[in-house]
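1. here are the coordinates; sequence isn't available:
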C-alpha cells in the first residue's frame, strides 16, 4: 500500500482532517461543505468584534465539554493551545478544583503582563505605556474562561468550558511600563 492510499484510509492523521467533536473543531473546512462547520471556517474568528466569533469559539469548547476525563488538568493544556489559535491566552498554574474555576483571558499578550501599547501621539515619558488585556478596548468588557468541574458517578470528571464576559480584568488600566523611571 502506498502512503497516499494509506492516508485516504486514516484521514484523522491528515493535516486539516476533521476533528471528531460535536461542537466542531479546528481546520475542518467550509461550513457549507461536506465536512461541516468549524471555529476557524468563519472569516476572522480571531476578530472578536464580530458577533459570531465568541459563539464559534464556545462551540469548539463545547466539544471538550461533552466528554469526561480522568485528568482534567491535561485537557487544560490542549484548551490553552486551541485558544492560542485565536490569539487568546490565560494563566494556568495550579490544578483545577472541583466546582467553578475562572481564568482571565488576554488576546495577543501575556497572561502575566497583559498587552502593552502606546498611542503614537502621546508622550511616553509623561503617560507611560498603556496596559490591558487586549480585549476590553475591542468589546468594552473583558472575557473570562469559565471551567466548571463536576465529579461524575463513574469517578471521571466532566468539564463545562465557556468564554463569558467579565466586569473587569486585573490587567486593564495599568500604565506601568516595567522600567525603572
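-> In hand now; what should we look at? Predicted model, so just to flag it, every value in this text is computed and none were measured. Numbering: from 1, shown residues only.
2. neighbours of residue 62, how many?
-> A count of nearby residues for residue 62, using other Cβ atoms under 10 Å, gives 16. Any C-beta I mention is one placed from the backbone N, CA and C, and that applies to glycine too.
3. which phi and psi does it have?
-> Main-chain torsions, residue 62, degrees, to the nearest 10: phi -60, psi -30.
4. one more: residue 107?
-> Dihedral angles for residue 107 - degrees, to the nearest 10 - are phi -120, psi 130.
5. ok, now residue 110?
-> phi -100, psi 140.
6. contact partners for the residue nearest to residue 145 when sequence neighbours are not counted?
-> Spatial nearest neighbour of residue 145, excluding adjacent residues (Cβ to Cβ, 6 or more residues apart in numbering): residue 103 at 4.4 Å. Residues counted as contacts of residue 103 (Cβ atoms under 8 Å, 6 or more residues apart in numbering) are 90-92, 144-145, 147.
7. and residue 103, what element?
-> strand 99-107 (DSSP states H and E).
8. quick one: buried residues of that strand?
-> By neighbour count on 16 or more other Cβ atoms under 10 Å, the buried set for strand 99-107 is 101, 103-107.
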